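Colleague: Coordinates only, no sequence provided:
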């Protein structure tokens, strides 16, 4: 069992930055690919980024490439999402998730989810 807790959300103006953190319980954190997803107002949950268990492989959704960076510190059981050059369309609740099945962009491949953290970007 893995429990995930996100933090670091908030309100920023367009062009600003935020860093989200996701702390995980469990001694086998490094075994899990970790994903970030988001759900904007009136929208379905969408993929943002994923990082492999070792941290060596990352994949991003096209609209965040070059602006967002996912990383992890397995010694601290924490995954991060650095978000730069934020846009109003990035406004959403951001979730981290852990998969014990696959390195994936697909939400239903993830087994554990955090409670989410709100990010609001104003123009």
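Modeller: Yep, that arrived. Owing to the predicted nature of the structure, the values given are computational and were not obtained by experimental measurement. Numbers count the residues shown, from 1 in each chain.
Colleague: could you list every residue that touches the spatially most central residue of the chain?
Modeller: Central residue of the chain (C-alpha atoms, centre = their mean): residue 36, 2.5 Å from the mean position. Residue 36 sits next to 20, 22, 48, 49, 50, 70, 79, 81, 94, 95, 96, 97 when contact means C-beta atoms under 8 Å, 6 or more residues apart in numbering. Quick note: C-beta positions are derived from backbone N, CA and C, even for glycine.
Colleague: Phi, psi for residue 109 please.
Modeller: phi -90, psi 0 (degrees, to the nearest 10).
Colleague: which residues of the chain score low on pLDDT?
Modeller: Along the chain, segments meeting pLDDT under 70 span 27.
Colleague: residue ranges of the strands in it, please?
Modeller: 4-7, 10-13, 18-24, 34-39, 46-51, 58-60, 68-73, 78-83, 92-98, 112-113, 117-122 (DSSP state E).
Colleague: Turn those into CSV, columns for distance to residue 105.
Modeller: What follows is those, written out as CSV (distance: least, C-beta to C-beta, whole Å):
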stretch, distance to residue 105
strand 4-7, 18
strand 10-13, 26
strand 18-24, 17
strand 34-39, 8
strand 46-51, 4
strand 58-60, 7
strand 68-73, 12
strand 78-83, 15
strand 92-98, 11
strand 112-113, 15
strand 117-122, 20
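Colleague: closest one to residue 106 among those?
Modeller: strand 46-51 (7.4 Å; C-beta to C-beta).
Colleague: Note down every partner strand of the closest one and its orientation.
Modeller: strand 34-39 (antiparallel), strand 58-60 (antiparallel) (DSSP bridges).
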